[in-house]
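Asks: below are the sequence and a predicted model; questions follow.
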Amino acid sequence: MNAAYRQLTIFQALMTGHLVKKTELANQFHVSPRVIQRDFSQIRQFITEQHLLYQLSYRRQLGGYQLITTQDSVSKQTILILIKIALASRALTRPEMTQTINGLLALISPEDQAEIQPIIKNERFYYQPVHHGRSLRQMVWQLSRYITQKQSITITYTRQRGEFVTRTILPEAIIFSEYYFYVIAYNPRYHQNLFYRVDRIRDLKTTQQVITRTRAERVEEGAMRQFLQYMQPGKKITLQFKFWGIPEAALDRFPTAKITTRYPDEQAVLITTSTFDTGAKMWLLSQGANVQVVAPHDFATEIQQELTRMLARYQS
C-alpha cells in the first residue's frame, strides 16, 4: 500500500467522524508511528492549501486525532427539532420524508445520529403523510426558481371538485400552511393574487407572456402571514372578539392580535386583530362557545347566520 492510499484512507476515517490513533494506524498499515505522524502533517497541509473548513485536532483525553469543523455547525438539538417539525407537517410522501430525515442526520456526527435515532424511531415508523400522495420537493424547487427569475408559467390545475383548468400566472411566493404547500401567484385574468395548492398542479411550463403588476399587487409573504388563516385570504378586517379560552391560543393564531380588555369576573378577554375574514371565520367557528364576535357588526351577523345553519343540520 503506497503513502497516498494510506493517507486517503486515514482522511476518509476522519471525515466520517472517527477518532484515529497513531499506534493503531501504525499497526494496521505495518508502518512506524513516525510515518503516521508524517501522514497527519500531509493531511494538515492539504486542509490548509484547499481552504477546507476543518482542523485536525489531537484529543488528549481520548488519545487520538479528530477533524473539528471551523464553521458554525448545526447542533444535534437543532436537527432533532427540524426532524420533529418535518414529521408533524405530514407534507411529504414517505420516501421523501426518509430522504429528508437522512439528509438532516448526515449533517451531524455518527455519535449524534445514534443519539437521535431512538428518539424519532416511533414517529418515523407511524408516519402518515397526507392523502394526495404526490412528490413535491422537485415541484417546490422548480416554482421557487421561477419566482427568483420572475418567470411567468402556464399550469394545469385541479380545482377542489376535480375540475381541470389552465391558468397563466406569475408565481410570487411559496408558503407552507396546515399540511400543504401553496404558491401565491398573480393571475392577470382576475387582476389579483390567488392561492394554488402545489399538489394540485398537474403540469406546468414556462410561457413568453409578460405579466406586469402594480406595486400594490406585489406579494410580501412575510407580511401576508400576519393576516392569513388556513390560507384563505378573503377581505381584510379589524376583528374584535371576546374569548373565554386560553388567550395564548388566540394570540398565536392571529400574529397581530392584542388583548385590549380583560374581564376577570368572566375569565374572558377582548382581543383585537387585523386579519382576513374567511380564514378567521373558520377558526372562530371551531372555538364553539369560547368565542363571541363583537366587531365588525356585519361579520358578527355572518357568524350568527352560519351558526343558525349549523344548528339546523342537527334539528332536521
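Replies: Thanks, I have it. Numbering: from 1, shown residues only.
Asks: list the buried residues in the particular helix or strand that has Q305 in it.
Replies: For Q305, the host element (DSSP states H and E) is helix 297-315. Of the residues in helix 297-315, F299, A300, I303 count as buried by neighbour count, 16 or more other CB atoms under 10 Å. Where you see a C-beta, it was placed from the backbone N, CA and C, and this is true even at glycine.
Asks: same check on stretch 101-108?
Replies: By neighbour count with 16+ other CB under 10 Å, stretch 101-108 contains the buried residues I101, L104, L105, I108.
Asks: for T278, see how far away the last one is.
Replies: The reference is to I108. 42 Å (CB to CB, to the nearest Å).
Asks: buried stuff in stretch 188-205?
Replies: Within stretch 188-205, the residues scored as buried using 16+ other CB under 10 Å are P188, N193, F195, Y196, V198, D199, R200, I201, L204.
Asks: is it true that the last one lies in a strand?
Replies: Translated: L204. Yes. Assigned with DSSP: H, G, I helix; E, B strand; the rest coil, L204 falls within a strand.
Asks: specify the beta-bridge partners of the closest residue in space to R59 that isn't next to it in sequence.
Replies: Excluding the flanking residues, the one nearest R59 by CB to CB, 6 or more residues apart in numbering is Q66, at 5.6 Å. Beta-bridge partners for Q66, by DSSP bridges, are S57.
Asks: quick one: the strands in the protein, in order.
Replies: Secondary structure of the chain (DSSP state E): strands at 54-59, 64-69, 153-158, 164-177, 180-187, 192-197, 201-206, 236-243, 258-263, 268-276, 291-295.
Asks: let me know the angle separating the shortest one from strand 268-276.
Replies: What that stands for is strand 291-295. Orientation check (axes from the mean of the first three to the mean of the last three CA atoms, to 10 degrees): strand 291-295 against strand 268-276 gives 60 degrees.
Asks: circling back to that earlier point, dump the buried residues of stretch 101-108 to a markdown table, plus pLDDT and distance to T212.
Replies: Below are the buried residues of stretch 101-108 laid out as a markdown table (pLDDT from 0 to 100; distance: CB to CB, whole Å):
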| residue | pLDDT | distance to T212 |
| --- | --- | --- |
| I101 | 94 | 42 |
| L104 | 91 | 40 |
| L105 | 91 | 45 |
| I108 | 84 | 46 |
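Asks: closest one of those to I116?
Replies: Nearest to I116 among these: L105, at 6.7 Å, using CB to CB.
Asks: contacts only, for that closest one.
Replies: I79, I83, Q113, I116, Q117 (CB atoms under 8 Å, 6 or more residues apart in numbering).
Asks: going by distance to S57, which of those wins?
Replies: Among those, and counting by CB to CB, the member closest to S57 is Q113, at 20.7 Å.
Asks: look up how far T69 lies from the closest one.
Replies: Here the criterion is CB to CB. By it, Q113 lies 16 Å from T69.
Asks: more neighbours: which of those two?
Replies: Between Q113 and T69, counting by other CB atoms under 10 Å, Q113 is the more crowded of the two (17 against 12).
Asks: which non-adjacent residue is nearest that one?
Replies: L105 (4.8 Å).
Asks: dump the helix holding Q305 to CSV, keeping only the CA atoms.
Replies: Extracted C-alpha coordinates of helix 297-315, given in CSV (Å, rounded to 0.1, in the frame of the first residue of the first chain):
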residue,chain,number,x,y,z
HIS,A,297,-71.1,44.2,13.1
ASP,A,298,-71.7,42.7,9.7
PHE,A,299,-69.1,40.0,10.3
ALA,A,300,-70.7,39.2,13.7
THR,A,301,-74.1,38.8,11.8
GLU,A,302,-72.5,36.5,9.3
ILE,A,303,-71.1,34.3,12.1
GLN,A,304,-74.6,34.2,13.7
GLN,A,305,-76.2,33.1,10.4
GLU,A,306,-73.6,30.4,10.0
LEU,A,307,-74.3,29.1,13.5
THR,A,308,-78.0,29.0,12.7
ARG,A,309,-77.3,26.9,9.6
MET,A,310,-75.1,24.6,11.7
LEU,A,311,-77.8,24.2,14.3
ALA,A,312,-80.4,23.4,11.6
ARG,A,313,-78.2,20.4,10.5
TYR,A,314,-78.9,18.8,13.9
GLN,A,315,-82.5,19.7,14.1
